[in-house]
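# Got a sequence here, can you model it:
(chains A and B, ligands or ions: 2)
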Amino acid sequence: MAIFNLKKREIECKVVYYGPGRCGKTTNLEYIFGAYKKQVKGEMVSINTEGDRTLFFDFLPIGLGQIRGCDVRVQLYTVPGQVKYSSTRKLVLRGVDGIVFVADSLEVRREKNMLSLKDLQSNLKEYGKSIFKVPLVMQFNKRDLAEQGIPLMSVEQMQKDLNRQLQVPAFEGSAVKGDGVGVTLKECLKLTLQSLQREFKWAQ
Amino acid sequence: MDIKQRLKAVLQEAEIYRSQGLISEAQSKYKDAVNIVNSIEKLKNKESLIKAISDKIDALKTTKEKVEKGPTTPELSQKAQDLIKNLFAFSESTDQDSAALEGAVALAKFGQFDRALTELNGLLKKEKVRVEAAKNILQCHLASAGADEAINQYQQWYTGDLFHANQLEAVRTFLEEVLAKKGVEANLPSLLETIDPQLEEAVVEVQPQVEVEEEFLDITSIGITFDAGPRKGKMVEFDVNFQSGNMLSLIISKQENELIETLEERMELKDVQFFSPIAIFNGAGVVASKTKIKTGPKQGDYCVDIRIVST
Ligand SMILES: Nc1nc2c(ncn2[C@@H]2O[C@H](COP(=O)(O)OP(=O)(O)OP(=O)(O)O)[C@@H](O)[C@H]2O)c(=O)[nH]1
Ligand SMILES: [Mg+2]
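Numbers count the residues shown, from 1 in each chain, chains lettered A, B, ... in the order given. Ligands and ions are numbered 1, 2, ... in the order given. Purely as a prediction, here's the structure:
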């Protein structure tokens, strides 16, 4: 749903953080909000429910400055991961230009990751989009917990579970520490802008 | 690992799950911990330890109930509502009334019914969006107050003079359909009946057939829950070695003797989980064939073909 204002040479696009409940979507945005002060263009808005779980969405506007003669703005969103909020999740996904799929590295969350990816695929399909074509990157989050001896899936296992067919860029991350948050976002923005460029040929 | 160390590790794991809001996972780990404590024969403070862990399990139960119950959609601040209106009105047209309508609908979708109703009622005055506004008003009533409220609202419109006959008719058919889906049969009065009984046919919309693109699903592994044999009731996971359509080939190591024996040809597998990179689904399968591998590095292992029969 990117909005182009060719006269003013402005672009506004939408990136959504998707993933199972408690995988660290909100934590990613919180880190971005704190660490990328120069890019952040407004307050982060979070609409939460019991125990800091996202109820509707988190929202954070950022700006990338001039890219090829265009002022690029990005709206970052997270969806609520809890299964029961499926209609809100779908609503937030509407008009998405790029997606970060945050997967939880905890072994106990293996199945939840796959179910959430499936949910993403079917919601995209309902909007007439294919998960194979939409700009998408993955983050395998909570890698820091390995140090504490908590059972995590290996990266190979997660690649096989989630990324064997999709073959999208995937990064290890620890959103609480900020590791991998920046690269994940940057790669997603790169893919998103490339795809918008192919579609709309905005760059000079 | 020394059993006390194992207990410590399990408790630590449970604690992390709890702190991250992974309630079921934490509960199950704490239960593991209780089992470990029970299995240690000579433990001085056994009773108090079990009590302490059980308290944690109980506390998690309370949290779980809270999470499952919540939320009754909260009434958001004006600022948050404005944000929703701005962010979730997707109107591509620059037409003001349509944009206002979308904003109000966005509020309704996020459960902000009071403000949505105020705005939608305002939009009834606009000819162009009147019918859509009315439909959404009815949806708000249905979602927040129930069928009676929606029917009352319709009756008011029916006796009033805001709507033209064909506008009200569109609203009426809409409401009847929605109510029918909820199992409520309502015989709503129509302004048209006396005018032109034929018209209803004309408004039947033709639903275009949308071709759904089927995406090929590649299955990486399957989990079979056995209903017989030594692993009865347990789920065993197998990697899929090769897939052709709905036929999956698994290689089972010769060490897994009992499994190989359990999996007989033509055996029905009623409870199978199919894992694929973009989907996980439950279904059933049939053992299509079982062959011993005679040569090569996997000599002596078995190749078992499973046909997916339903998902
Ligand atoms: N150790 C560790 N904990 C993390 C990490 N990322 C998130 N968490 C924790 O996991 C819990 C859930 O994080 P959130 O960011 O709220 O998860 P979410 O995906 O937004 O969850 P929902 O809104 O319910 O969908 C919090 O307790 C975080 O502190 C990480 O990289 N490492
Ligand atoms: Mg969240």
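# With only the CA atoms kept, save stretch A:25-34 in PDB.
The C-alpha trace of stretch A:25-34 is given here as PDB (Å, rounded to 0.1, in the frame of the first residue of the first chain):
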ATOM      1  CA  LYS A  25       8.300  -8.500  17.800                       C
ATOM      2  CA  THR A  26       7.600  -5.700  20.100                       C
ATOM      3  CA  THR A  27      11.100  -6.000  21.600                       C
ATOM      4  CA  ASN A  28      12.500  -5.500  18.100                       C
ATOM      5  CA  LEU A  29      10.500  -2.200  17.600                       C
ATOM      6  CA  GLU A  30      11.400  -1.000  21.100                       C
ATOM      7  CA  TYR A  31      15.100  -1.500  20.300                       C
ATOM      8  CA  ILE A  32      14.800   0.300  17.000                       C
ATOM      9  CA  PHE A  33      13.000   3.200  18.800                       C
ATOM     10  CA  GLY A  34      15.800   3.500  21.300                       C
END
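# any weak-confidence spans in the stretch 151-300 of chain B?
B:193-217 (pLDDT under 70).
# switch the cut-off to 80
Applying pLDDT under 80 to the stretch 151-300 of chain B flags the ranges B:192-218, B:241-247, B:276-281, B:294-297.
# closest point of it to ligand 1, which residue?
At 18.6 Å from ligand 1, residue B:280 is the closest residue in the stretch 151-300 of chain B, using Cβ to the nearest ligand atom. For the C-beta atoms, the positions are set from N, CA and C on the backbone; glycine is no exception.
# And chain B, by the same measure?
As assessed by Cβ to the nearest ligand atom, ligand 1 sits closest to residue B:20 within chain B, at 4.0 Å.
# count of residues packed around that residue?
20 (other Cβ atoms under 10 Å in any protein chain shown).
# Could you do residue A:152 as well?
21.
# now do residue A:161
22.
# Quick check: which element contains it?
helix A:155-163 (DSSP states H and E).
# which stretches of chain B form strands?
Counting by DSSP state E, chain B has strands at residues B:221-225, B:235-244, B:247-252, B:268-276, B:279-292, B:302-310.
# what's the closest of the ones you listed to residue B:111?
strand B:279-292 (30.2 Å; Cβ to Cβ).
# Now do the closest one: distance to the chain's middle.
Relative to its parent chain, strand B:279-292 has a centroid offset of 25 Å by Cα atoms, centre = their mean, to the nearest Å.
# List the buried residues for the lengthiest helix in chain A?
Secondary structure assigned by DSSP state H gives helix A:181-200 as the longest helix of chain A. Under the neighbour-count criterion of 16 or more other Cβ atoms under 10 Å in any protein chain shown, helix A:181-200 has A:181, A:184-185, A:187-189, A:191-193, A:195-196 buried.
# what does stretch A:37-53 give?
Buried-residue list, stretch A:37-53, by 16+ other Cβ under 10 Å: A:39-40, A:44-50, A:53.
# Quick one: those residues as JSON lines, columns for pLDDT and distance to residue B:69 too.
What follows is the buried residues of stretch A:37-53, written out as JSON lines (pLDDT from 0 to 100; distance: Cβ to Cβ, whole Å):
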{"residue": "A:39", "pLDDT": "96", "distance to residue B:69": "38"}
{"residue": "A:40", "pLDDT": "96", "distance to residue B:69": "35"}
{"residue": "A:44", "pLDDT": "94", "distance to residue B:69": "27"}
{"residue": "A:45", "pLDDT": "92", "distance to residue B:69": "24"}
{"residue": "A:46", "pLDDT": "92", "distance to residue B:69": "21"}
{"residue": "A:47", "pLDDT": "90", "distance to residue B:69": "18"}
{"residue": "A:48", "pLDDT": "87", "distance to residue B:69": "15"}
{"residue": "A:49", "pLDDT": "86", "distance to residue B:69": "10"}
{"residue": "A:50", "pLDDT": "81", "distance to residue B:69": "8"}
{"residue": "A:53", "pLDDT": "92", "distance to residue B:69": "13"}
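# and the strand or helix carrying residue A:89, does that touch chain B?
For residue A:89, the enclosing helix or strand under DSSP H and E is helix A:86-93. Yes. Using Cβ under 8 Å from any Cβ of the partner chain, a contact is recorded between helix A:86-93 and chain B, made by A:87-88, A:91.
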